[in-house]
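Enquirer: Pasting the sequence and the predicted coordinates here, then a few questions.
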Amino acid sequence: MAKEINLDFYVANKTGTVPVELYSRRTGFTASGYEFVTLPLAIAALTVLNLMLGAVYERIREIAVFSTVGLSPGDVGMMFLSESISYGVIGVIMGYIAGIIGLSLLLSYHALPLGIYPNYSSGFVVQTIGIIILIVVLSSLFPFLKSARLVTPSLERKWKITTKPLGDQWNIPTPFFFSSEQEAVGFIEYMNEYFGAYTMESPGFPFATHGLSLKSGEIDGIPYKSLVVELHLAPFPANVNQTLELMVRNISRERWTAEIIARRRTGDMRSWMSSNQKLLDSVRKQFITWRLLTRTEKEKYYGKGANSRQLK
């Protein structure tokens, strides 16, 4: 009856014995209106999915650049997920403002049916905004995974150590190369500065440096430059000490490769291997950071390397 005659009814079976119930045309439409937004939400979800997949495939070269400079699959995926969330938030805000303006115009020209009173601060507005943003995020999950897969097109998602210790020595090859002797020597000086910054055994530090030295020479006629570091590895109560040698070798003309050699001095084998996992992750990040330095920043380390007698 409320729907037919467009009036609100307050009904009670017996006066004062049961709660009064409201029957209203407006609440009737509110309770049964969700089926009308299902199709628009599905269309919006497919539109966002198509938009983000197109963005991923159009920027394959850009993704390759991100992978080259060392961004992880998660970092690249989050870029596209953040982009889609930004689209969703901006679209919701613009749609809300446009809706207020449109309803205001309709009210001013008396174009709305009788009995409809817009409520711009209703809880349903917040609910609708939340649903739309949720739909946008869910629609972006597949493009997120797709872009992450393009960065590392395999099941491996990080640098894994492929060797095992032989006695107290652990030779660890790295996937990092340098295009010239100048760059290789500059990187050695950069890592010399990095290790030299950790001289205190402080909580949260991956290691404490107790000694640094530079050297150069030849192994089987192949020239090399290296940084030798005396380290106390975290956690410090485990008393794990080692000598770490970061070596760059000239494997071909203008091509140098990096290798890490760890020699255990104290501590049990299991603690030594576990502590080195954290240390090597820190070193890996420095390789990546080196690639991100500007030419001007690298020139400072090139100059230090050129003036170092130990690296000549």
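Expert: Now that the structure is in, tell me what you want to look at.
Enquirer: what stretches of the stretch 101-250 of the chain score poorly on pLDDT?
Expert: By pLDDT under 70, the low-scoring segments of the stretch 101-250 of the chain are 115, 120-122, 152-159.
Enquirer: make it 80
Expert: Filtered on pLDDT under 80, the stretch 101-250 of the chain yields the residue ranges 110-125, 128, 147-161.
Enquirer: sec struct for residue 176, please.
Expert: Here residue 176 is recorded as strand under DSSP: H, G, I helix; E, B strand; the rest coil.
Enquirer: quick one: contacts of stretch 208-216?
Expert: Here stretch 208-216 makes contact (Cβ atoms under 8 Å, 6 or more residues apart in numbering) with 188, 192, 195-196, 198-202, 223-232, 234, 236, 241, 308, 310-312. In this view, the C-beta of every residue, glycine as well, is placed from N, C-alpha and C.
Enquirer: what's the residue closest to the geometric middle of this protein?
Expert: Centroid-nearest residue in the chain, with Cα atoms, centre = their mean: residue 75, separated by 2.9 Å.
Enquirer: At which residues are the helices of this protein located?
Expert: In the chain, the helices defined using DSSP state H lie at 2-5, 25-31, 38-58, 60-68, 73-108, 123-151, 181-196, 269-292, 295-306.
Enquirer: Go through these and name the closest to residue 219.
Expert: For the helices of the chain, proximity to residue 219 was assessed by Cβ to Cβ; helix 181-196 is nearest, at 14.8 Å.
Enquirer: Which positions in that closest one come out as buried?
Expert: Applying a neighbour-count criterion of 16 or more other Cβ atoms under 10 Å, the buried positions in helix 181-196 are 181-192, 194-195.
Enquirer: Show me what it is packed against.
Expert: Packing contacts for helix 181-196, counted by 3 or more Cβ pairs under 8 Å, 6 or more residues apart in numbering; DSSP states H and E, involve strand 207-219, strand 222-233, strand 240-252, strand 255-266, helix 269-292, helix 295-306.
Enquirer: and the angle from the first one to helix 269-292?
Expert: Computed by axes from the mean of the first three to the mean of the last three Cα atoms, to 10 degrees, the angle separating strand 207-219 from helix 269-292 equals 70 degrees.
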